Structures are given as structure tokens and as C-alpha cells.
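Trainee: Fold the following and give me the result.
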Amino acid sequence: MQGTVDGFSYGLVTPLAAYLMACLGGALGLRCTMRSMLVTRSWRAGWLALGSAAIGSGIWTMHFVAMMGFQVRETPVHYDAPTTFASLAVAVVMVGVGIFIVGYWGATGTALFTGGTLTGLGVASMHYLGMAGMRLNGKLEYDTLTVGASVVIAVVAAIAALWAAGQVRGFLWSVGASLVMGLAVTGMHYTGMAALTVHLHAADGTPPGESAAALLAPMMIGPIVFLALAAVVVMRDPRMVMGGPGWDAEARRPGIPAHATASHLGGREVSRLRRHHCHPRHPGSRTPQNW
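Mentor: Below is the predicted model:
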């Protein structure tokens, strides 16, 4: 017997809330990734780690906010806590690998393809591992073609988002990129849910695990608090918020530390400095060797 699957039991409330969480995590993660490209190498790993955790927490929270509106009418739906936690770890780690590749290699074609593919696969892995954590009186089956489409959406969205982060432009640019990323990630989720069919078992009973209200709501408090703290860090850094015109052209190139922009002095200015330091006008002037 086939179960009646309903992913919108609360109407548009859960899809909209899920979309906002995906956008928030994407916006914070992209800004942190951008900031990593403007600092010295010793600070870069910290910003990339924060960005990875923000994007991973955002998409994980998006998934389970959306799952709060999921039900199979003929059977209760419960969740296994270890598998649910594991899906969060997979999201953060695989997204982190992709972001670190772009952060250190720069937004080149190879780095974007490799990092974006790994990040997209991380999003898809989080989704289907989270679904594997469901416990109900039935068996989950997926349409292969629709699953493939959901994975492609995740990979393309990830590549586009990392490319946007590599542009290192103003705040509005990242807001637009995060809105697109949130739409793509949420679309990937509901595409994956459209692939789902539930075949009910003959015997009734209460499935193991915890209900969505008992398990998911408390579990989401941690990632939501983390995203709020990450937002505070981002908003307290003026360069993270404003971006754009005041930055050097070299700083817009991914993988170039901020101090490298000193090399962008014009040729005339460099010549003037050399004449000033190496050919003093007064006999008593100190040369650079004597400073």
C-alpha cells in the first residue's frame, strides 16, 4: 500500500521559513568566504571555517524546518537522533572542503568546478542522509531521475554561489547571490522530496525514534544560535558589510592576501619613492640602510 505524502502540512509557512534559513546561512557564508580573500594567509582558514559552518548550518536548518511540515498521513514520522546529527556534520565538512578549495586556489575554473561539485554533493548528501534518519511504518523509495535532477540543482547552485563569493563585491551583490542560493537549495530539497514514495508496511505500530516536535525543534536551536552569532561577527566588520568601491583591484582576486595590494602603486609613484629614499637631496639625509 502506498502512503499519502504531504510536504506542506502547514501550508507555505515551512517552505518560506526554510527558504529564509537557507538565505541567511548562504549570505553569512558567502561574506565570510569573501573576507577570507582579503586577509593574510594566517587568518584565512578561520574565515573559511566560519563560512563553512554558516552555510552548512543554514542548509541543515533549512532541511529540517521544511521537514517540520512533512507527514505521511497513514503513519507517524519519527527521527533517529544520531543519523540526524550525522547529516549536520556531513553538511559542514563537505561544504567546508569545497569552500577551502576556492579560498586557497582562487576562483579559477578548476577550483570552482571542484569546490562547487563537492559543496553541492555535500548539500545533497545532507538531504538524503537526513531522510535516511526518518523512522516510519513503511519503506522509502526514490525515483532515480528526480534524485539526479536534485543533485544537479545542488551542484550548479554551489558553483554559482562560490563564483559569486569570488567576485568580492558589495553587500547587495552577496544579498542577491544568497537569495539565488537559498532558492536553489530549497528547490533542491523539494525536488528531492518529489522523488519520494512511501510503501507502507502491513503491520501498524509506533516507529522508533523521536517525533519532529520532540527532536527537531530542540536540535535546531544550536544552529540557529550559531547563525545569529555569525551574523553579529559579520555586521561588526565594516568591510564585510559595505565592500565594493573602496577595495583595491588586486583584493578582488581570490587567493591574494590583503597585504599583496601594496604592489599596486603606480610606476610613477614607485619611481618617486625610490628617488626619495635612494638619492637624498641633502648630504645629511639618512639612507634606507641607516634607518
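Trainee: in the helix or strand containing residue 145, what counts as buried?
Mentor: Using DSSP states H and E, residue 145 maps to helix 144-166. When burial is assessed from 16 or more other C-beta atoms under 10 Å, helix 144-166 yields the following buried residues: 147, 149-151, 153-155, 157-166. Quick note: C-beta positions are derived from backbone N, CA and C, even for glycine.
Trainee: give me every residue that touches residue 67.
Mentor: Each residue near residue 67 by C-beta atoms under 8 Å, 6 or more residues apart in numbering is listed here: 130, 212, 216.
Trainee: what about the second one, neighbour count?
Mentor: Counted by other C-beta atoms under 10 Å, the residues lying close to residue 212 total 19.
Trainee: Surely it touches residue 77?
Mentor: Yes: between residue 212 and residue 77 there is a contact under C-beta atoms under 8 Å: 6.7 Å.
Trainee: what residues are shared contacts of the two?
Mentor: Jointly contacting residue 212 and residue 77 under the rule C-beta under 8 Å, 6+ apart are residue 70.
Trainee: before we move on, back to that, kindly reformat the contacts of residue 67 as JSON lines containing secondary structure, pLDDT and distance to residue 18.
Mentor: Conversion of the contacts of residue 67 to JSON lines gives the following (DSSP: H, G, I helix; E, B strand; the rest coil; pLDDT from 0 to 100; distance: C-beta to C-beta, whole Å):
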{"residue": "130", "secondary structure": "helix", "pLDDT": "93", "distance to residue 18": "13"}
{"residue": "212", "secondary structure": "helix", "pLDDT": "80", "distance to residue 18": "13"}
{"residue": "216", "secondary structure": "helix", "pLDDT": "78", "distance to residue 18": "12"}
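Trainee: out of those residues, which one sits closest to residue 93?
Mentor: Closest approach to residue 93 among the contacts of residue 67 (C-beta to C-beta): residue 130, at 14.7 Å.
Trainee: Grab the nearest non-local neighbour of that closest one.
Mentor: Closest residue to residue 130 apart from its sequence neighbours, by C-beta to C-beta, 6 or more residues apart in numbering: residue 87 at 4.1 Å.
Trainee: if I look at the one you found, how far off is residue 42?
Mentor: 32 Å (C-beta to C-beta, to the nearest Å).
Trainee: the more surrounded of the two?
Mentor: Between residue 87 and residue 42, residue 87 has the larger neighbour count (other C-beta under 10 Å), namely 21 against 8.
Trainee: quick one: that one from residue 9, how far?
Mentor: 21 Å.
Trainee: Near residue 185, how many other residues are there?
Mentor: 29.
Trainee: wait, I meant residue 85
Mentor: Neighbour tally, residue 85, other C-beta under 10 Å: 13.
Trainee: List the contacts of stretch 11-21.
Mentor: Outside stretch 11-21, the residues touching it (C-beta under 8 Å, 6+ apart) are 8, 58, 61-63, 65-66, 68-69, 182-183, 186, 189-190, 224, 227.
Trainee: List buried residues within those residues.
Mentor: Buried members of those, counted by 16+ other C-beta under 10 Å: 58, 61-63, 65-66, 68-69, 182, 186, 189, 227.
Trainee: tell me the secondary structure for residue 116?
Mentor: With DSSP: H, G, I helix; E, B strand; the rest coil as the basis, residue 116 sits in helix.
Trainee: Residue 199 is in what secondary structure piece?
Mentor: Using DSSP H and E, the element containing residue 199 is strand 196-200.
Trainee: Pull up the pairing partners for the helix or strand that comes right after that strand, direction included.
Mentor: Later in the chain than strand 196-200, the nearest helix or strand by DSSP H and E is strand 210-211. Strand 210-211 sits in its sheet next to strand 78-79 (antiparallel), going by DSSP bridges.
Trainee: and for the strand it pairs with, what are the contacting residues?
Mentor: Residues from elsewhere that reach strand 78-79, judged by C-beta under 8 Å, 6+ apart: 133-136, 206-212, 215-216.
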